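S.K.: structure for the following, please:
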Amino acid sequence: MDFTQKQMAMKTWFTFEDRELQYRARDNSGEVAFSVDYEAVPANSRRVFNRNNWLRNVGVLWCVIGVIQIGLALASGAIGPGAAFWFVIGAGCLAFYRLTWSEYTVFDTPHGPLFVINDKNHDAIVAAIDEKRKAGLLAWYHSLDFSDEPAAEAQTVEWLMKQDVLTKAEGEARLAELREESTILLGSSDSKPGPQIH
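M.R.: Predicted coordinates for the structure are as follows:
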């Protein structure tokens, strides 16, 4: 499964392979490419907004100057085509500011950040990353190991719940299974006869 995204100068490529994600990104500052195991992609992400605030501020300023010019021209009765010049320039700057406004969802992996552009493919890419990450983690922790310390296994189950790999119901079921197995093991050790006094 492959996805390509483009937003102004930013272009990203996502190739979903069986065990890892191949990622490549290019913008005006350069290009980066790496592969990352799905299990290494964090459950949490952050939002990044790329906005040219200078363009917005200049646009607002020119619109205000334009409105003042139009008001003065109307008050003096000398309205002409040049009266709205600064207002049109300012409105154009604001429109360009809005067109160049970019939003990204960013996953910070050990190999570098994954930028997912907020476009028509955004939700599908984020869902695919999440699905592959959960499947990878479940493959690693598919069953409980009763030979381990029950407390360590319980921590693993709680961590999987925090990673949204297990639902609350699934996690509680695994924890109940752990408690039951611990009780059985404790019960069997308690039933062993102690030293006999003669």
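
S.K.: can you read off the pLDDT for the residue nearest to the spatial centre of the chain?
M.R.: Nearest residue to the geometric centre of the chain (C-alpha atoms, centre = their mean): S45, 3.3 Å. S45 carries a pLDDT score of 91 in this model.

S.K.: next, give phi and psi for it.
M.R.: phi -130, psi 170 (degrees, to the nearest 10).

S.K.: if I look at it, how far off is D164?
M.R.: Going from S45 to D164 by C-beta to C-beta, to the nearest Å gives 12 Å. Quick note: C-beta positions are derived from backbone N, CA and C, even for glycine.

S.K.: domain ranges for the protein, per the record?
M.R.: 1-49+106-132, 53-99, 141-189 (automatic domain parsing).

S.K.: so, low pLDDT: which residues of this structure?
M.R.: Scanning the chain for pLDDT under 70 picks out 141-148, 150, 181-198.

S.K.: can you map out the helices along it?
M.R.: 53-76, 85-99, 122-140, 150-162, 168-190 (DSSP state H).

S.K.: the first one versus helix 85-99: what angle between them?
M.R.: Angle of helix 53-76 versus helix 85-99, following axes from the mean of the first three to the mean of the last three C-alpha atoms, to 10 degrees, is 150 degrees.
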